[in-house]
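# Build me a model from this:
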Amino acid sequence: MSMQLTFLGTGTSVGVPVIGCDCAVCRGPDPKDKRLRCSVHIQTPETAWVVDTGPDFRAQCLRGNIRRIDAAIFTHSHMDHVTGFDELRRFTVEDGHFMPIHATPECLAALERMFIHAFNGENRYRGYLKPFPKAIHGPFRLGGTTITPLPVQHGKVDTIGFIFERDGKKLCAYIPDCKTVLPDSMEALNGVDTLIIDALRHTPHPTHMNFEEALAVQREIRPRQTWFTHIQCEIMHALEDPRLPPGVNIAYDGLKLAWA
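All right, here's what the predicted structure looks like:
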């Protein structure tokens, strides 16, 4: 195995089931319709990292038996992607162990405001989170993986997705929050094996792609496999997944993808 990706969460900002919602998806029994907030865990032979730490992050780590995280990278600073940040403390228990935090300067600044106790240098005790901020200005490496940021439009927030590349092969692109993929990012996606992309629902949304918009990106990029994520309760997996074109599917919590 060169790389394995686990979907820790595939839901929209309010999760599924939604508080107070009595729709068929929220009340249904299908585990593929139980969607925690978006996050993925990636493992390679050398290292492991997480993309985003939303409010469900502790539960996701327990459910997925996540034992190793060597770095955290962030797409943007919306609450459903960052509010579990302090749960990373369990991965910096050892004295002197710092957690590399990769994010845009804007996202790092937001994290520092929200979690000043972790960043101010005054809490370096055993068991406390000790972040090592690393601003993303271009491609960077984690172990043998080159990670390329993909600027995308997501409302008024500076947001990025990522391409994960090993041995010159673009194994996977992860874009969980997106309304428009910018031209340079579309060009960078050429040749990617697997595309994971925001596809909130069928009806239009001002800051997220719907199914039609995500499929338009898929048709232009033509990856081997496409997975939709950041799904809301308008979408029932058992009903909607079979209707998608060949090679396109709806991701679900706990799904694992692997590349040789």
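
# Settle this for me: Lys134 is touching Thr104, isn't it.
No - with contact defined as C-beta atoms under 8 Å, Lys134 does not count as touching Thr104 (10.8 Å). Bear in mind the C-beta positions are built from the backbone N, C-alpha and C, glycine included.

# More neighbours: which of the two?
Each of Lys134 and Thr104 has its neighbours counted (other C-beta atoms under 10 Å); Thr104 has more, 20 against 14.

# From what I see, the more buried one and Ile160 are in contact.
Yes - applying C-beta under 8 Å, one finds Thr104 in contact with Ile160, separated by 6.4 Å.

# got any residues that touch both of these two?
Common neighbours of Thr104 and Ile160, counting by C-beta atoms under 8 Å, 6 or more residues apart in numbering, are 76, 136, 149.

# Going by neighbour count, which of these comes out on top?
Busiest of the shared contacts of Thr104 and Ile160 [other C-beta under 10 Å] is His76, holding 23 neighbours.

# Just give the closest residue to that residue, not the sequence neighbours.
Leaving aside its sequence neighbours, His76 sits nearest to Thr159 (C-beta to C-beta, 6 or more residues apart in numbering; 4.2 Å).

# same question, Arg37
Arg37's closest residue in space is Gly54 (C-beta to C-beta, 6+ apart), at 3.5 Å.

# sec struct for that neighbour, please.
At Gly54 the chain is in coil, as set by DSSP: H, G, I helix; E, B strand; the rest coil.

# What's the separation between it and Pro176?
Per C-beta to C-beta, to the nearest Å, Gly54 is found 10 Å from Pro176.

# what about the two, which has more around it?
For Gly54 versus Pro176, neighbours defined as other C-beta under 10 Å are more numerous around Pro176 (29 against 24).

# hang on, that one packs against Thr75?
Yes - taking C-beta under 8 Å as the definition, Pro176 is a contact partner of Thr75 at 6.1 Å.

# So for those two, which residues contact both of them?
Applying C-beta under 8 Å, 6+ apart, one finds that Pro176 and Thr75 are jointly contacted by 51-52, 81, 161.
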